[in-house]
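> Next come a sequence and a model predicted from it.
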Amino acid sequence: MLKAKKIPVSDLEKFKGIVAEDVVSKAKALILPRGSNLSWLSNVAKKNLIAKLKAEGIEYISVYSSDVDLQKNFFSQGAEYKEKLDVPVKRIDRELANQTMKQIGDLYQRIASGEDARDLYDSLIVTGHILTQEILQSDAITLSLIKVREKDEYTYVHSFNVALLAGFLAARLSRRDKKLVEKITIGGLVHDIGKALIPLEILNKPGRLDDREYAIMKAHPVYGFNLARQNGIEDLVVLSIIRWHHERVDGKGYPDGLTRDAIPLVARIAAVADVFDAVTTDRVYRTAESPYNAISLIFMGANTHFDPEVARELILALGLYPPGTVVELSNQSTAVVIASNHGDMIRPVVMVLSDFNGVFLEEKHVINLKQAPGLYIKGVIGNFSE
Ligand SMILES: [Fe+2]
C-alpha cells in the first residue's frame, strides 16, 4: 500500500505526487480531487493552484509519498496484466543477466591487465549461445533491458543490453538465422572491449570530452579489434562489430569513415542497438532520454547515421511509443504503454492511469489500442523508467 504524507502547499511546485485526499474550500467546493497527479500539471497551473489554496487558508495537503513507489506499483500491476494478455513478452532471467555482466567485467579486467583472456572469451561464447536461445524464443525483448546502478558497471550493463538488442534485431532481419544471431550476440557482449584500455577519468568524465580526450576515446574500436585478435578471436562477425560499430552510413563515423554497404550489416545493426541503449541510460554527464525520444532520434538518424532498414526494424519492434511511455489518449485520459503490438507502431497496449479529469484510478484498465477503434494516442506526457 502507498503511504500518504502531508506536504506544505508552498512546496507544491517541486512536488510530483498523487493527491491522497479531496481538498475542499471553506464553502465545501472541491478544489483538488483525490487522485489528481501533480506531475501532470503545468507550472502555470501549479502556480494558480497554490494561489487558490493559500486564499482558502489551506497550508498542507496530503499526497502519496513518492513517485518511485507509484512507478513500482504501476509496473508490478502492469506486469501482472501483461501475463494475461495476448502480447508476447519475455523476460531474460535476472540471474543469467547478472552472471553475464560478471563475465564481461572479468574479461575487461583481464584484458586491461594485459594478460591472455582466451578462457574468459570461451565462457562468453557459451553464454552467447544461451542468450541466443532466449532471443529466438522471444517476440519482444525490450522490457528486459537492464538499467545501470553504479557508474563503473555502465560498460558491462551496456554491453549486455547491446547484445540482446542487436541479437533481437538480427533475428528479425535474418529470418531467425541462428548462427548469425549467435555471432552478433557475442559481438554485442564484447563490442566495447577496447574501452578496457581507455583511462577511467576519460570514460567517466562528468563533462564534455576535450579534443585530446575525444581522440583517445575514439581509438577504442581499433584497440578492441587488436586486442580481440591477440586473444585469438578470428570470427569476422565479432571482429566487424568491434571495429565498425561507430561507423555511420554517411561516412562521418569512425575509425575508418566507411559508407553504407561498405560497413558490414552486422556492424550497422550493432550501431542502432548501441545508440538506443546509450541514450536511454543515465550517464554522469547527462540524464537518460525517454524511450520515445530515443526512437525519434533513431528515426531522424535513418540514412545519415543509421542504416534505414535496421532503424525501421527497431521502430517496428518497439513501436513509436515504447513500453514505459506515459501518453494522453484521445478521450483525455492518461495511460502508460505496457507492451507494443509488433508491426503496429502507433497502437500499443496501454494501462489507463487517470480519467479525463486527471483523477488517478484505483482500478486499472488495460486497453489494446489495436482493438479499440476510435481511441488513439494524442501525445506523450513523460515516461516511467524501471
Ligand atoms: Fe563503442
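That came through fine.
> C-alpha only now, for contacts and for neighbours.
OK.
> Show me what whichever helix or strand residue 226 is part of is packed up against.
Residue 226 belongs to helix 220-230 when assigned by DSSP states H and E. Here helix 220-230 touches helix 236-244, going by 3 or more CA pairs under 8 Å, 6 or more residues apart in numbering; DSSP states H and E.
> For the helix it packs on, list every residue counted as buried.
Across helix 236-244, burial judged by 16 or more other CA atoms under 10 Å covers 237, 238, 239, 240, 241, 242, 243, 244.
> Can I get it in CSV? Just the C-alpha atoms.
What follows is helix 236-244, C-alpha atoms only, in CSV (Å, rounded to 0.1, in the frame of the first residue of the first chain):
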residue,chain,number,x,y,z
LEU,A,236,34.6,-11.9,-38.8
VAL,A,237,31.2,-11.0,-37.5
VAL,A,238,32.6,-10.4,-34.0
LEU,A,239,35.6,-8.5,-35.3
SER,A,240,33.4,-6.3,-37.6
ILE,A,241,31.2,-5.3,-34.7
ILE,A,242,34.1,-4.4,-32.5
ARG,A,243,35.8,-2.3,-35.2
TRP,A,244,32.9,-0.7,-37.0
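> starting at the chain centroid, how far to the next helix or strand after that helix?
Going down the chain from helix 236-244, the next helix or strand is helix 265-279, by DSSP H and E. Helix 265-279 sits 13 Å away from the centroid of its parent chain (CA atoms, centre = their mean, to the nearest Å).
> quick one on the thing from earlier: from the buried residues of helix 236-244, pick the one nearest residue 267.
residue 241 (4.6 Å; CA to CA).
> how far away is that closest one from residue 365?
Here residue 241 is placed at a distance of 43 Å from residue 365 (CA to CA, to the nearest Å).
> Pull the contacting residues for residue 236.
Applying CA atoms under 8 Å, 6 or more residues apart in numbering to residue 236 gives no contacts.
> That one and residue 255, how far apart?
Taking CA to CA, one finds residue 236 at 17 Å from residue 255.
> Can you pull the phi/psi pair for residue 100?
phi -60, psi -40 (degrees, to the nearest 10).
> just residue 347 next, same as before
phi -130, psi 80.
> Also the one 4 residues further on?
Per-residue torsions, residue 351: phi -120, psi 120 (degrees, to the nearest 10).
> where's the closest residue to it other than its chain neighbours relative to residue 352, distance?
Nearest residue to residue 351, sequence neighbours excluded (CA to CA, 6 or more residues apart in numbering): residue 366, at 4.3 Å. Computed as CA to CA, the residue 366 to residue 352 distance reads 6 Å.
> quick one: which of those two has more around it?
Neighbour count, other CA atoms under 10 Å: between residue 366 and residue 352, residue 352 has more, with 22 against 18.
> contacting residues for that one?
Counting by CA under 8 Å, 6+ apart, residue 352 has contacts 333, 334, 335, 336, 361, 364, 365, 366, 367.
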